[in-house]
Every structure is written in C-alpha cells, then in structure tokens.
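Peer 1: With the sequence up front, the predicted model follows.
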Amino acid sequence: MQDSDFITLEKVEKVFEVRKKAGFLKRERRQVRAVDSISFTVARGEMVGYIGPNGAGKSTTIKMLTGILMPSAGRLRVAGIDPSRERTRLAHRIGVVFGQRTTLWWDLPLIDSYRLAHRMYRIPDARYRENLDRCVELLELGALLDVPVRQLSLGQRMRGDIAAALLHDPEVLYLDEPTIGLDVVSKAKVRGFLKELNTERGTTVLLTTHDLQDIEQLCSRVMVIDHGRLMYDGPLAGLHEAGEGERTLVVDLERELPPIEVPPCRVVRVEGPRQWLAFPAGQSAAPLVAAIAAAYPLVDLSVREPDIEAVIAKMYAEKAVS
Ligand SMILES: Nc1ncnc2c1ncn2[C@@H]1O[C@H](COP(=O)(O)OP(=O)(O)OP(=O)(O)O)[C@@H](O)[C@H]1O
C-alpha cells in the first residue's frame, strides 16, 4: 500500500435483501442496491467530502469502511486492511463520529467515557494524557469533563464525541454529519478543530454532510453519490460549475416594493418587504449588495448558501438537457 491509495475501493457493491408485505401472509423479497460498483482512492492526509441526497448510500459506504458491513462484491482496503475481515485491528487505526448518535456514556460524566476508551484501546498512559489535554484545550472541554453527557448541549456533546474518537490517535477519521443541528459558533469550533487535526497531524478525513459550508471550508475534494453510484469526484468549484449552483440574497426592504432589478440577480420569491434574489454561486456578493444598497431602501440582508440537494438537483437537470 502506498500513501496515495490509503483508502481503496474497487467496484464495491452492497445489496440488501428486504422483505416486503405483499398480501395477507405473503412476503416478497426485494433487493436494494445501496452501493453500486463504487471505485475511488483516498490518499493519506486527504480530507474528502462524501455527499449525496438521503438514502444515496453514504452511511452504507462508511459502514463497509469500518468493517460493520461486509461488501456484497468488490475489493476494499483501509490502511492495507480488509475492514470486514480484521475489524478489531482496523478499529485501532480509525475513529468514527456519527452526528446523530453518540458513543459516549449517557449517564456518566464525560471523562468516564474517555477513561473507558483509554482502557479499551490500551492507549499508553502518556499518549492518552497528551491527546486528552490537547482535545480538552482545542475543543474547550475543560469545564465539561465532570458533567454527565445527558446534560450537555448538542454542540458540547459533539465536541465530546470528536475527542472520544481521537484519543487513540487514529490515522483515519470518518465523520457522519458532524455539524448537524449545531449553532454557528459550535460549527466554527468543530470546523477549526478538524482543519487543525488534518494539517498538524495529517489525519485522513472522510466527511459526510448536508452542509456545503463544511465542504467549502474543509475539503479540497468532494465525491457525490446518488442511488449508490459515484456521480462526481473532484474539486467543489467543479461541482458548482457542473450544478450551476446559485446562492441567494435575502433582502429586507423598508417597505413592499416591486421586484428588485440588479443583474445578474433574479428575484425568486417576494413576501411583503422581503425579497429572495438568486445569483451565480461563483460570483462575489459584495458588488451586488452595494448595487442594491445604492438603489433601494435596505434594512437588512443575508446571503444563503445553496444546499447540497439543490446543487445535485441542478447537476442532474444540466445532464438531462445536454
Ligand atoms: N440494513 C439495511 N437493510 C435494508 N436496506 C438498507 C439497510 N441499510 C440501508 N438500506 C437502504 O440502502 C439505501 C442507502 O442507505 P444509506 O443509509 O447508506 O443512505 P445515506 O446516503 O447514508 O442516507 P442518509 O443521508 O439519509 O443517511 C437506502 O435505500 C436504504 O433504505
């Protein structure tokens, strides 16, 4: 294994057999192809976004990469290890964070979950101390260590979960929606920490998210999966181009007025004094904001990023036309 193919998938498939009720006593068998012949490699130290609509096959891929699920076909290696055959050996080299679920002990103080990880992974004492101190400092967990996990806010718990996944120095970190439900400040903290982890420690990160800003701020490369197939693999800028992504200016005027006319903005919605203006994602908002402020009685304004679903939907629409 070389550093360039630290994670390797070759025509990986996962087919689930599901039984569906088809009458009073009858059940029909049906196959769901959750992952359909996916191939990619991730180099050591890369930080890659893995995105797609609900049910696209993201979690199934991550579960195969951790060894929880066995592929139905294809070849898969993480750090030279076949995950489903050597799950325990791999566990010492990877960390996993699921945004919607916690691996922490709900009723116990946060520090107890870390002590457990210390023993479970047989982390040498000095290494454990060093990693814990570092996480506590960078993730601002100092005041939270003695608080039972159930009393933590979502953002605090997420930071606690990330620390738990890193105490054993994993070379690979899988993050499934690490910023879901977090406020702006918590999101910034989590992103800042992940960026530092990647640059300072060279940790390889695979990130699943619905938040395009996570990708924008963290990943130089993004993969899009839909219906189990890899639809795009490249830089985020290219995805915007492929999807002709648009951002939206939400403008509050002093009073109700006819639709704003500032090209290339396109008014997509009007509600009383509030108007929504779409503009190309690649374009800077600053000159548009200045033009609107000069010509209209502006009270407030914000910029909304396109969500992943919108970008992907556009990408398909473009493909269908061409
Ligand atoms: N254990 C299972 N048994 C049967 N079908 C499954 C199972 N796990 C996943 N699936 C199906 O496989 C497909 C892919 O699911 P997966 O959870 O990987 O998607 P996802 O991209 O992670 O979606 P989300 O963003 O909603 O988490 C879906 O159609 C799902 O219903």
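Peer 2: Arrived safely, thanks for sending.
Peer 1: Assumed Pro287 was part of a strand.
Peer 2: No: using DSSP: H, G, I helix; E, B strand; the rest coil, the assignment for Pro287 is helix, not a strand.
Peer 1: What's the separation between it and Glu254?
Peer 2: 22 Å (C-beta to C-beta, to the nearest Å). Using the backbone N, CA and C atoms, a C-beta is placed for each residue, glycine as well.
Peer 1: Equivalent analysis for Ile81, please.
Peer 2: 63 Å.
Peer 1: just Met120 next, same as before
Peer 2: Plainly put, Met120 is 61 Å away from Glu254 if you go by C-beta to C-beta.
Peer 1: cool, Ser302 as well?
Peer 2: With C-beta to C-beta as the criterion, Ser302 and Glu254 are 17 Å apart.
Peer 1: Let me know how buried Leu301 is, in neighbour terms.
Peer 2: 16 (other C-beta atoms under 10 Å).
Peer 1: Could you check how many residues crowd around the nearest residue to it once chain neighbours are set aside?
Peer 2: Nearest residue to Leu301, sequence neighbours excluded (C-beta to C-beta, 6 or more residues apart in numbering): Val251, at 5.2 Å. For Val251, the neighbour count with other C-beta under 10 Å is 26.
Peer 1: Need the three-state assignment for Val251.
Peer 2: At Val251 the chain is in strand, as set by three-state DSSP.
Peer 1: what about Leu194, which helix or strand?
Peer 2: helix 184-196 (DSSP states H and E).
Peer 1: Give me the domain ranges for the protein.
Peer 2: 44-71+80-241, 246-305 (automatic domain parsing).
Peer 1: most packed of those?
Peer 2: domain 44-71+80-241 (a mean of 18; mean count of other C-beta atoms under 10 Å).
Peer 1: so the residue nearest to Leu301 bridges to which residues?
Peer 2: Gln275, Leu301 (DSSP bridges).
Peer 1: where does the stretch 201-322 of the chain dip in pLDDT?
Peer 2: 240-245, 307-311, 313-322 (pLDDT under 70).
Peer 1: Repeat the analysis, applying 80 as the threshold.
Peer 2: For the stretch 201-322 of the chain, applying pLDDT under 80 flags the ranges 236-246, 281-282, 305-322.
Peer 1: Helices of the stretch 1-150 of the chain, residue ranges please.
Peer 2: Assigned by DSSP state H, counting those that start in this stretch, the helices in the stretch 1-150 of the chain fall at 58-66, 87-91, 110-120, 125-138.
Peer 1: re the thing from before, Ala295 is in contact with the residue nearest to Leu301, correct?
Peer 2: No: contact criterion C-beta atoms under 8 Å: Val251 and Ala295 do not qualify, at 11.4 Å.
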